[in-house]
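1. What follows is a predicted protein model with its sequence.
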2 protein chains.
Amino acid sequence: MGRPSRFVLTSGQIVNICFNRGFKTAMSHSDTADRILDAAEILFAERGFAETSLRTITSTAGVNLAAVNYHFGSKKELIQAVFERFLTPFTDCLETALTQRIADEGGAASADDLLESLYTVSLGGLKAQGRDPQRFMRLLGLAYSQSQGHLRRFIVARYGQTYRRFIDLLKQALPEIDPVTFYWRLYFMLGATIFTLSSFDAIEAILKEDFGAETTLQDTIDRFVPSASAMLRATG
Amino acid sequence: MGRPSRFVLTSGQIVNICFNRGFKTAMSHSDTADRILDAAEILFAERGFAETSLRTITSTAGVNLAAVNYHFGSKKELIQAVFERFLTPFTDCLETALTQRIADEGGAASADDLLESLYTVSLGGLKAQGRDPQRFMRLLGLAYSQSQGHLRRFIVARYGQTYRRFIDLLKQALPEIDPVTFYWRLYFMLGATIFTLSSFDAIEAILKEDFGAETTLQDTIDRFVPSASAMLRATG
DNA sequence: GTCTATAAACTGATAGAC
DNA sequence: GTCTATCAGTTTATAGAC
């Protein structure tokens, strides 16, 4: 599994370093714009974009309605700002983790290690940042399903490079899979992750109710990595 | 793999039988209500519920605005009617296919055969019906992500029994997987399917562009079944 | 920067003529 | 069953006072 030696940073340590830095600078002053972003992030994730009015956002944030237009210009730009605030530290952290992995493993990381980096950054990173991974995944799901075009273009232009890098590394780690099959399974994995973690609270509650099983963060990562890995590698 | 003998109906044949019956009766008269349902189905799948106004639906359908309230009562009831129209033949067909499978295989079907039934009914069935599988999946995704409660309750009450039956059969076919892991992976599979097929056209276009690969229906089923199967069975 | 007030457009739903 | 006309409520966005 390529467990790092004691001189090498683990994904978890990288997560703590990047997110703690990003977190402090982003949160150092809680002015009106941040209050709006906080409220918008929660409400968008719960209801979607069209179902969340600026009035609901501003009254939840305890600020004036006109403040949205003053600080962000329009609702579309507010949506982009919400995504920018959580995708920037996340993407930077993934970038760092990937660089560390390939340095660590001499140029080519294994598929399981790449997946472990991805899930540790997305789940562990957000929890370390005091944020809810489920909310993050719901927003990502919305970006795909409700995207009015502008958001999709914004995300691809701003963050596409890092995700292409991840995909290329994963492809190199699975040379036996033909490119078309790889592409299908990549979507498969993305959908499984976003969809499942979007319903994380509901699944967690059902598992506790029906099986008495507590769900920890590490449990979830340890469940996702082998499942995704087996799916990517499937023969037939 | 349990290929049926020549005296046994294949999933594909079952699909043709159920859907052709349902299709003719449902489409025999194209009055105002059906025109509204046709337009609403397409527009909801493209934009979501909140983003699609009744005015857009009625003008697309070429009918009067008041006709929606006359025929369906409210927008919520129109949404339910859209789902009812495509979920009823789909669910009936899955029910028939499952019954055939367990009769065919003497009480307990294999996981791969169950998955093959599910995908043949959902993909093949809708295409046989002259409908777009992608649209079907987008609507299912919306039911999960945008569900305003009423739709979720409607679907569970009306169709829950068949899906619980499928899940129980699949669980029986995978006795070596512990129940909690099974539950996680079921969500994983559901998300992968809905998400991937929601973007079917986009994926198809990219595959043709980048690899010159044409994508047929049977290709897609043959790609999904082993991937989902490997994921469900993963060890570790 | 923050506020009030209001514009301008859109929404779902309905009453009542035909 | 279908239409027009309209209601009552909501939405985003902005102008202008402070």
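-> Perfect, I can see it now.

2. and chain A, which of its residues are near DNA strand D?
-> Neighbours of DNA strand D within chain A, by Cβ under 7 Å from any atom of the strand: A:52-56, A:65-66, A:68-69, A:73-76. C-beta: built from backbone N, CA, C; applies to glycine.

3. Can you tell me which of these is nearest chain B?
-> A:Thr52 (9.4 Å; Cβ to the nearest Cβ).

4. measure whichever residue of chain A sits closest to DNA strand D to A:Arg47 for me?
-> Residue of chain A nearest DNA strand D, by Cβ to the nearest atom of the strand: A:Ser53 (3.2 Å). From A:Ser53 across to A:Arg47, the span is 10 Å (Cβ to Cβ, to the nearest Å).

5. Name the residue in those two with the higher neighbour count.
-> Shown here are A:Ser53 and A:Arg47; by other Cβ atoms under 10 Å in any protein chain shown, A:Arg47 has more neighbours (17 against 13).

6. how far away is the more buried one from chain B?
-> Distance, A:Arg47 to chain B, using Cβ to the nearest Cβ, to the nearest Å: 8 Å.

7. per-residue confidence for that residue?
-> In this model, A:Arg47 is scored at 93, pLDDT.

8. what sits against it?
-> If you count contacts by Cβ atoms under 8 Å, 6 or more residues apart in numbering or on different chains, A:Arg47 has none.

9. my read: A:Leu139 touches A:Phe86, true?
-> Yes. Taking Cβ atoms under 8 Å as the definition, A:Leu139 is a contact partner of A:Phe86 at 7.3 Å.

10. what residues are shared contacts of those two?
-> Joint contacts of A:Leu139 and A:Phe86 (Cβ under 8 Å, 6+ apart) are A:Glu41.

11. who's in contact with whichever residue of chain A sits closest to DNA strand C?
-> When scored by Cβ to the nearest atom of the strand, chain A has A:Asn64 as its residue closest to DNA strand C, at 2.9 Å. The neighbourhood of A:Asn64, defined by Cβ under 8 Å, 6+ apart, consists of A:Thr58.

12. Return the helix or strand in chain A with minimum mean pLDDT.
-> When each helix and strand of chain A is scored by mean pLDDT, DSSP states H and E, helix A:11-27 comes last, with a mean of 64.

13. right, is whichever helix or strand comes after that one up against DNA strand C?
-> Heading C-terminal from helix A:11-27, the first helix or strand you meet, by DSSP states H and E, is helix A:32-47. Yes. For helix A:32-47 and DNA strand C, the contact criterion (Cβ under 7 Å from any atom of the strand) is met by A:Thr32.

14. Can you point out the buried residues in the helix or strand following helix A:32-47?
-> On the C-terminal side of helix A:32-47, the closest following helix or strand by DSSP H and E is helix A:54-61. Buried positions in helix A:54-61, judged by neighbour count with 16 or more other Cβ atoms under 10 Å in any protein chain shown: A:54, A:57-58, A:60-61.

15. quick one, longest helix in chain A?
-> Ranked by residue count under DSSP state H, the longest helix found in chain A is helix A:75-104.

16. so how far is that one off the chain centroid?
-> 8 Å (Cα atoms, centre = their mean, to the nearest Å).

17. Quick check: which helices or strands does that helix pack against?
-> helix A:11-27, helix A:32-47, helix A:54-61, helix A:66-72, helix A:111-119, helix A:125-128, helix A:133-145, helix A:150-173 (3 or more Cβ pairs under 8 Å, 6 or more residues apart in numbering or on different chains; DSSP states H and E).

18. residues contacting the residue nearest the centre of chain A?
-> Residue closest to the mean C-alpha point of chain A, counted by Cα atoms, centre = their mean, is A:Ser122 at 4.4 Å. A:Ser122 sits next to A:90, A:94, A:133, A:136-137, A:193 when contact means Cβ under 8 Å, 6+ apart.

19. what's the lowest-pLDDT member of those residues?
-> A:Pro133 (86).

20. quick one, what contacts it?
-> Contacts of A:Pro133 (Cβ under 8 Å, 6+ apart): A:122-123, A:126-127, A:197, A:200.

21. Most neighbours among the residues you listed, please name it.
-> A:Leu197 (25 neighbours).

22. Need the pLDDT of that residue.
-> At A:Leu197, pLDDT is 89.

23. Then the one 4 residues further on?
-> The pLDDT attached to A:Asp201 in the predicted structure is 86.

24. how near is the residue lying closest to it once chain neighbours are set aside to B:Tyr159?
-> Distance criterion Cβ to Cβ, 6 or more residues apart in numbering or on different chains; nearest residue to A:Asp201, sequence neighbours excluded, is A:Gln134 at 5.8 Å. Per Cβ to Cβ, A:Gln134 is found 26 Å from B:Tyr159.

25. What of A:Gly62?
-> Distance from A:Gly62 to B:Tyr159, by Cβ to Cβ: 43 Å.

26. more crowded one of those two?
-> B:Tyr159 (19 against 10).

27. where does chain A come near DNA strand C, residue by residue?
-> So chain A meets DNA strand C at A:31-32, A:63-67, A:70-71 (Cβ under 7 Å from any atom of the strand).
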